[in-house]
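**Q** sequence below, structure please.
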Amino acid sequence: MSENTPNTLNPHLLKQVFVHNLNRIYFGKCYLDKNLEHIISLASFSNLQLAIHEFWGDIKKQIARMDEVYTYMGETPSDKNCNPIKSIVKDEFCLDEKQTITVFSDLDIIMYLQVLEHINITSCRMLMMIAKLLKYDKVKQLLTECFDESTDNDRLFVIISKEYLTEE
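**A** Residues are numbered from 1 along each chain as shown. Now for the predicted structure:
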């Protein structure tokens, strides 16, 4: 640790760290919510389209839970320092570039969505640890539900990938 890193974070600083990181995933999810219809339109495989619809429903639930977290903590979402996550979400792995082989596009979509879910899984894991330290049991439960959905969505996209990549 550098000299500038505190050995322990006081509750006030922990809450700041928590809100900062919650903002990052919250605004990434909000951006995705507004753009998933377009991503669905790019998918050629009906099972992938269905999986993205299911994923989209989970995103809406996660946003609602995060709104509950903000209310519980007396905070307001702020996208002031959310550029890294929003940049990843906005980049979309160049999904709008027309591919000559549809499997390329579909697998790009799957990889893109899995990268975003892995960010969410990692972020939720850290936020759950902080919520536990702050004794925010309700917040920890809401984040656990978001984490579980993200883990399930990751598995769903693995199954869809296997439909493309394995022989029956």
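**Q** give me the low-pLDDT residue ranges for the chain?
**A** Along the chain, segments meeting pLDDT under 70 span 1-3, 5-7, 81-97, 99, 167-168.
**Q** so which residue is dead centre in it?
**A** Within the chain, the residue whose C-alpha comes closest to the C-alpha centroid is Asn120; the distance, by Cα atoms, centre = their mean, is 3.6 Å.
**Q** measure that one to Leu42 for me?
**A** Note on Asn120: its distance to Leu42, by Cβ to Cβ, to the nearest Å, is 21 Å. In short, each C-beta sits where N, CA and C put it, glycine included.
**Q** which parts of this protein are helices?
**A** Ranges of helices in the chain, per DSSP state H, are 11-42, 46-73, 83-91, 102-133, 137-165.
**Q** so which of those helices is nearest Asn4?
**A** Each of the helices of the chain has some distance to Asn4 by Cβ to Cβ; the shortest is helix 11-42, at 12.8 Å.
**Q** for the closest one, buried residues please.
**A** Under the neighbour-count criterion of 16 or more other Cβ atoms under 10 Å, helix 11-42 has 14-15, 18-19, 21-32, 36, 39-40, 42 buried.
**Q** by contact count, what packs against it?
**A** Other helices and strands packing on helix 11-42, by 3 or more Cβ pairs under 8 Å, 6 or more residues apart in numbering; DSSP states H and E, are helix 46-73, helix 83-91, helix 102-133.
**Q** specify the angle between that helix and helix 102-133 in degrees.
**A** Here helix 11-42 runs at 160 degrees with respect to helix 102-133, directions being taken by axes from the mean of the first three to the mean of the last three Cα atoms, to 10 degrees.
**Q** just to revisit the earlier point, out of the helices and strands packed on helix 11-42, which is closest to Thr8?
**A** For the helices and strands packed on helix 11-42, proximity to Thr8 was assessed by Cβ to Cβ; helix 102-133 is nearest, at 9.7 Å.
**Q** please name every helix or strand in contact with that closest one.
**A** With contacts defined as 3+ Cβ pairs under 8 Å, 6+ apart, helix 102-133 has these neighbours: helix 11-42, helix 46-73, helix 83-91, helix 137-165.
**Q** switch the cut-off to 6 Å
**A** Contact analysis of helix 102-133 by 3 or more Cβ pairs under 6 Å, 6 or more residues apart in numbering; DSSP states H and E lists helix 11-42, helix 137-165 as its packing neighbours.
**Q** want to throw the ones you listed into a markdown table with distance to Phe104?
**A** Converted to a markdown table, the helices and strands packed on helix 102-133 look like this (distance: least, Cβ to Cβ, whole Å):
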| stretch | distance to Phe104 |
| --- | --- |
| helix 11-42 | 11 |
| helix 137-165 | 10 |
